[in-house]
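Asker: Compute the structure for the input listed below.
(2 chains)
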Number of protein chains: 2
Amino acid sequence: MPNAEPETIPTNPAAFAVPVVALRRPYLLFLGAITDPDDAKTAFGLRDWCRSACVGQFRLPGCTVSTGLPDMTPPFAVAAGARSLVIGVAPMGGALDPAWVPALVEALDAGLDLVSGMHTRLATHETLAAAARRSGRRIFDLRRADLPLDVGSGRRRTGRRLLTVGTDCALGKKYTALALAEALRHRGVRADFRATGQTGIMISGRGIAVDAVVADFIAGAAEALSPDAPAEHWDVIEGQGSILHPAYAGVSVGLLHGSQPDAFVVCHDPTRRTLSGMPEFAVPEIERIVALTIELGRVTNPAIRCVGVSLNTSAVSDAERAAFLAEYERRLGVPSFDPMRGGAGRVIDELLRSRDAAQA
Amino acid sequence: MPNAEPETIPTNPAAFAVPVVALRRPYLLFLGAITDPDDAKTAFGLRDWCRSACVGQFRLPGCTVSTGLPDMTPPFAVAAGARSLVIGVAPMGGALDPAWVPALVEALDAGLDLVSGMHTRLATHETLAAAARRSGRRIFDLRRADLPLDVGSGRRRTGRRLLTVGTDCALGKKYTALALAEALRHRGVRADFRATGQTGIMISGRGIAVDAVVADFIAGAAEALSPDAPAEHWDVIEGQGSILHPAYAGVSVGLLHGSQPDAFVVCHDPTRRTLSGMPEFAVPEIERIVALTIELGRVTNPAIRCVGVSLNTSAVSDAERAAFLAEYERRLGVPSFDPMRGGAGRVIDELLRSRDAAQA
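Answerer: Below you'll find the model as predicted:
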């Protein structure tokens, strides 16, 4: 459930092939002056999944969106224990709003690190870089294209892996992975959440933003992210985009191949008709996503199978939710759940059953 | 045919969305000290496809590979008219061999630009950068991750597009695209070759190395590469990798979606059993590649269809070649050809027929 905090220490101690980000907590969440809640996905994710690591929010005049956390300026947040300011909003285009700069300088001067998942690198911004030098603080740009990665090898790795996939962007792949990793640990199964996007990295403190690596290295990044592990260990890998998305399918396919998942859970919003932000594109049929994920996934793991369907039912009534869960469970023949409302246990049953069946 | 030089001025004058590289010709081809002809793919491609733009080759002691062009040092090449030294070899891993540095400095000092398709950026190498400043010459790194691109929009563009796809890397997708663009022009059809890799960019003087862009922008790069064009104009787009390749499928799928091709030609080496450099992976069945290309390609162009099969028959006898061409033509139901031996005309017939049929 969202209010439980995931492990921050990986249970698989295998060395990562790339430098692992180590963020300083707790966080002050920066919201800028946004007026659309959809722009605050990052801040809401942190509030929901690592609430105890968030001391407050920092909003500029005109901001009408709130996480519900107390409003604080950077000096107050530092007094309350904050160690880093996290950019909690994802502006269209990923560029830095010049109006933010004085606020970010104030945060650095107050002694906070800066953590950003924007495509624009804050560390190369002259004013911010100067402020960081002056205060002795660090700027973490989580979307870096210059990680020392290798191209994918396709080599089978030890340990087991689950990937969340989806019919579109922004419908619950990260939350589903967090819920499944937590449910596995509650069963006593060693499991790690593997973050592939900036919010996931902020939540878990580590990971690789796979959409920010050089295109040739997408699969290689996914391989580096979930290294060899003990045979019974599960990596639960955050999916990205959709293999049928007109803009992002390349990332999704490379992540699928590099993750070489034994199992996947397909994430879907049953009320969404067209792709997020692309009204001219219909959401593909979930059965088509499942079949194609298996066909493409077999390249690096012939045993790949679907073990569950995760529905985003945030917009519907309890009665509709129950009907949707029943419908998709029937259509796909695997357990369904909404990770924001529990129910991951039956997917874990299916996951461990398939493991046992595969070993039998 | 390989000895004919493609157009260097695009017949579609639409502005490119990104800065277009303008390389200075002719070239001196640098081979380093390689001993494996497979490492000289770039140099061979330039010799075959823009012979008149290559004045000679520059080899270091120990090099046992030759393009057949005259050996020259940089000063001799400049005297013979050369304007740029092109790194004609692709070392494993893409890193700069320190033993090359004195030779590259000699080239810059002699007045040559440097053109490189390696992942390692030569422009950031201190010694090379200093030599370039000293001589007033430029260093062109064709694989740049920092192009000002947008994410894919999926918007349908005017004009028509053909993409070459393949069952593996390095089996003729670039040569096939060059041959088809040339064959279209010989029919009086306006057509441009669109380069997506470093050798193609060197040959045509422009393009985007799609495997070097930030992963989120693969489809967007492909969209920028073939902008709106007159209705009867064809862009013939160089394919990359394979949609079932364990390392590079992400690039291939993003390129497919961004290219939104009306037609594709599938490239295959009928004698190859396992993927190049990956002996543990079988080459996928060509029928599977065709079916999956259509399924994935329909996301951005519902009318996508296969119009030909291009076979790399360089390793077989004339009799075997004829048998292979007949076999694959029968299996796929479209014309077959080997672009190194002519025969593109029947594919063009099929391409223009399908256009006419679609319009009827």
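Asker: Tell me which residues touch the closest residue to chain B within the stretch 101-250 of chain A, please.
Answerer: Relative to chain B, the nearest point of the stretch 101-250 of chain A is A:Gly250 (2.7 Å; Cβ to the nearest Cβ). Every C-beta, even on glycine, is put in place using the N, C-alpha and C of the backbone. Residues in contact with A:Gly250 (Cβ atoms under 8 Å, 6 or more residues apart in numbering or on different chains) are A:215, A:218, B:215, B:218-219, B:250-255, B:257.
Asker: just to confirm, which helix or strand has A:Phe30 in it?
Answerer: Per DSSP states H and E: A:Phe30 is located in strand A:27-32.
Asker: Partner strands of that strand, with direction?
Answerer: According to DSSP bridges, strand A:27-32 forms sheet pairs with strand A:54-59 (parallel), strand A:84-87 (parallel).
Asker: Show me what secondary structure element comes after the shortest one.
Answerer: In the C-terminal direction, the helix or strand that comes right after strand A:84-87 (DSSP H and E) is helix A:101-110.
Asker: coming back round to it: and the helix or strand where the residue of the stretch 101-250 of chain A closest to chain B lies, how far out from the chain middle?
Answerer: Using DSSP H and E, A:Gly250 maps to helix A:249-259. Offset of helix A:249-259 from its chain centre (Cα atoms, centre = their mean, to the nearest Å): 15 Å.
Asker: same check, this time on stretch A:274-282
Answerer: Per Cα atoms, centre = their mean, the centroid offset for stretch A:274-282 relative to its chain is 21 Å.
Asker: do it and chain B meet?
Answerer: Yes: against chain B, stretch A:274-282 shows contacts by Cβ under 8 Å from any Cβ of the partner chain at A:278, A:280-281.
Asker: which residues touch the helix or strand hosting A:Val266?
Answerer: Applying DSSP H and E as the criterion places A:Val266 in strand A:263-268. Outside strand A:263-268, the residues that touch it by Cβ under 8 Å, 6+ apart are A:160-167, A:171-173, A:176, A:180, A:239, A:283, A:286, A:289-290, A:293, A:297, A:304-312, A:328, A:332, A:347, A:351, A:354.
Asker: which parts of it are buried?
Answerer: A:263-268 (16 or more other Cβ atoms under 10 Å in any protein chain shown).
Asker: before we move on, back to that, quick one: average confidence on the strand holding A:Phe30?
Answerer: Mean pLDDT, strand A:27-32: 97.
Asker: How about stretch A:128-136?
Answerer: On average, stretch A:128-136 scores 95.
Asker: Neighbours of A:Gly241, how many?
Answerer: 24 (other Cβ atoms under 10 Å in any protein chain shown).
Asker: Which of the three states applies to it?
Answerer: Three-state call for A:Gly241 (DSSP: H, G, I helix; E, B strand; the rest coil): coil.
Asker: show me where pLDDT drops low in the stretch 251-360 of chain A?
Answerer: A:354-360 (pLDDT under 70).
Asker: Show me what residue of it gets nearest to chain B.
Answerer: Closest point on the stretch 251-360 of chain A to chain B, by Cβ to the nearest Cβ, is A:Gly254, at 2.7 Å.
Asker: and that residue, what does it touch?
Answerer: Neighbours of A:Gly254 in contact, by Cβ under 8 Å, 6+ apart: A:152, A:210, A:215, A:218-219, A:221-222, B:215, B:249-251.
Asker: about what we covered before: what two of the contacts of A:Gly250 are the furthest from one another?
Answerer: A:Ile218 and B:His257 (14.4 Å; Cβ to Cβ).
Asker: These two: which has the busier surroundings?
Answerer: A:Ile218 (34 against 28).
Asker: what sits against that one?
Answerer: Here A:Ile218 is in contact with A:152, A:210, A:250-251, A:254-255, A:258, B:215, B:250-251 (Cβ under 8 Å, 6+ apart).
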